[in-house]
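Student: Need the 3D shape of this:
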Amino acid sequence: MAPIRPVRKAVIPVAGNGTRFLPATKVMPKEMLTIVDRPVVQYAVEEAMQAGIEHIVFVTGRNKQAIEDHFDDVPELISSLTRSGKDAQLSELARMLPTAGSVSFTRQQAPLGLGHAVWCARDLIGDEPFALLLPDMISYGARGCMAGLMDLYNDVGGNVVAVEQCALEDTSKYGIVGMGEKTRHGFEVTQMVEKPPVAEAPSTYYLNGRYILQPEIFSILAHQQRGAGNEIQLTDGMLRLSAEQSFHAHPYEGRTFDCGSKQGFIEANVAFALARADIGNLVFESVREMVLSHEQAIRAA
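Tutor: Just a heads-up that it's a prediction; the model follows:
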């Protein structure tokens, strides 16, 4: 067996227009919408760094300058906070600031799909395995999803994906994988089916937006035909790669919120707020009162 090469870099695609959140995203990137007090994209970056990633490659588009600015130093703000003695805020800003040279940005000029966005990072990744995190999908649990994915990768190498379970009747909403032989941190992937009918779903495990892929995916995506939505689909490329290389899946023990949807975005805000020591109890009481009031209104209608 060939040595398992370390995963040092991660790709985070942030070129989408965020039309589902208009008018909020008319001038602000959807990735900068906040879950409590952190932008959506920051959760993905922190998850990657906690898993040992050394370099983040953002694939951006038009009107995404705010993301680049967010992960940069702001001397004027630092000076103001220092003069005001706001040490907690200074510590938080220092903690989230990437090391110089550990973040890169490349542009996806046309909205040609996730597969194309990944391909745009090819020269910055080079001939290395890499992590891929979809920033709209936020991990919520005792441990970040990417850390578990790294555990599996370090055991088996090849390509690995993160999965979660859904209800059988919901399999037609997701990319579903087939289960093969179990390993210490997951199982072998025997199939990948995009949004299968319930009767044809190979399992109830769906892809949740976290991947570790070998660099051979780039040459496949370079020649990948457009698929669903007239876009270059990453799943189509992974299917072709799976004919040549192994794929394994890591079942994530936490929960992933789809913050590309309004429902998932609101649920994530509530969940992360409830988990906060500073505001959790206050939020719980407020939510409880709102739910009780809503139930009473429904009964009275």
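
Student: right, and the helix or strand after the helix or strand of the chain with the lowest mean pLDDT?
Tutor: For the chain, using mean pLDDT, DSSP states H and E, the weakest element among its helices and strands is helix 87-96, scoring a mean of 84. Of the helices and strands lying after helix 87-96 in sequence (DSSP states H and E), the nearest is strand 103-107.

Student: and the next element down the chain from that following strand?
Tutor: Next element after strand 103-107 (DSSP H and E): helix 114-119.

Student: Need the contact partners of the helix or strand following that next one.
Tutor: Going down the chain from helix 114-119, the next helix or strand is helix 122-125, by DSSP H and E. Applying Cβ atoms under 8 Å, 6 or more residues apart in numbering, the contact partners of helix 122-125 are 9, 11, 57, 104, 106, 215, 218, 222. Bear in mind the C-beta positions are built from the backbone N, C-alpha and C, glycine included.

Student: Who are the packing partners of the helix or strand that contains Ile298?
Tutor: For Ile298, the host element (DSSP H and E) is helix 280-300. Contacts defined by 3 or more Cβ pairs under 8 Å, 6 or more residues apart in numbering; DSSP states H and E place helix 280-300 against helix 262-274.

Student: contacting residues around Arg143?
Tutor: By Cβ under 8 Å, 6+ apart, the residues touching Arg143 are 253-254.

Student: meant to ask about Gly227
Tutor: If you count contacts by Cβ under 8 Å, 6+ apart, Gly227 has them with 113, 233, 235-236.

Student: go with 10 Å
Tutor: With contacts defined as Cβ atoms under 10 Å, 6 or more residues apart in numbering, Gly227 is in contact with 113, 115, 194, 233-237.

Student: and stretch 134-151, average pLDDT?
Tutor: Averaged across stretch 134-151, pLDDT comes to 94.

Student: Sorry, slip of the keys, the one I care about is stretch 103-121.
Tutor: 91.

Student: what about that stretch, how long is it end to end?
Tutor: 12 Å (Cα to Cα, to the nearest Å).

Student: how about stretch 10-20: buried residues?
Tutor: Residues of stretch 10-20 classed as buried under the neighbour-count rule (16 or more other Cβ atoms under 10 Å) are 10-16, 18.

Student: Of the residues you listed, which belong to strands?
Tutor: 10-13 (DSSP state E).

Student: Strands along the stretch 51-200 of the chain, start to end?
Tutor: 55-60, 103-107, 130-133, 137-140, 159-165, 175-183, 186-194 (DSSP state E, counting those that start in this stretch).

Student: Identify, out of these, the most deeply packed stretch.
Tutor: Ranked by mean neighbour count, these are led by strand 130-133 with a mean of 26 (mean count of other Cβ atoms under 10 Å).

Student: CA atoms of that strand as PDB?
Tutor: Extracted in PDB, the C-alpha atoms of strand 130-133 (Å, rounded to 0.1, in the frame of the first residue of the first chain):
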ATOM      1  CA  PHE A 130      -7.200  18.200  -0.200                       C
ATOM      2  CA  ALA A 131     -10.200  18.900   1.900                       C
ATOM      3  CA  LEU A 132     -13.300  20.400   0.600                       C
ATOM      4  CA  LEU A 133     -15.800  22.200   2.900                       C
END
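
Student: Can you pull the poorly scored residue ranges out of this structure?
Tutor: 1 (pLDDT under 70).

Student: quick one, domains of it?
Tutor: 9-257, 261-300 (the TED database).

Student: among the contacts of helix 122-125, which two are most distant?
Tutor: Within these, Ser104 and Ala222 form the most distant pair, 19.9 Å apart (Cβ to Cβ).

Student: What distance do you get for the closest residue to Ser139 other than its chain neighbours to Leu133?
Tutor: Leaving out its chain neighbours, the residue that sits closest to Ser139 by Cβ to Cβ, 6 or more residues apart in numbering is Cys145, at 4.1 Å. Cys145 is 9 Å from Leu133, where distance means Cβ to Cβ, to the nearest Å.
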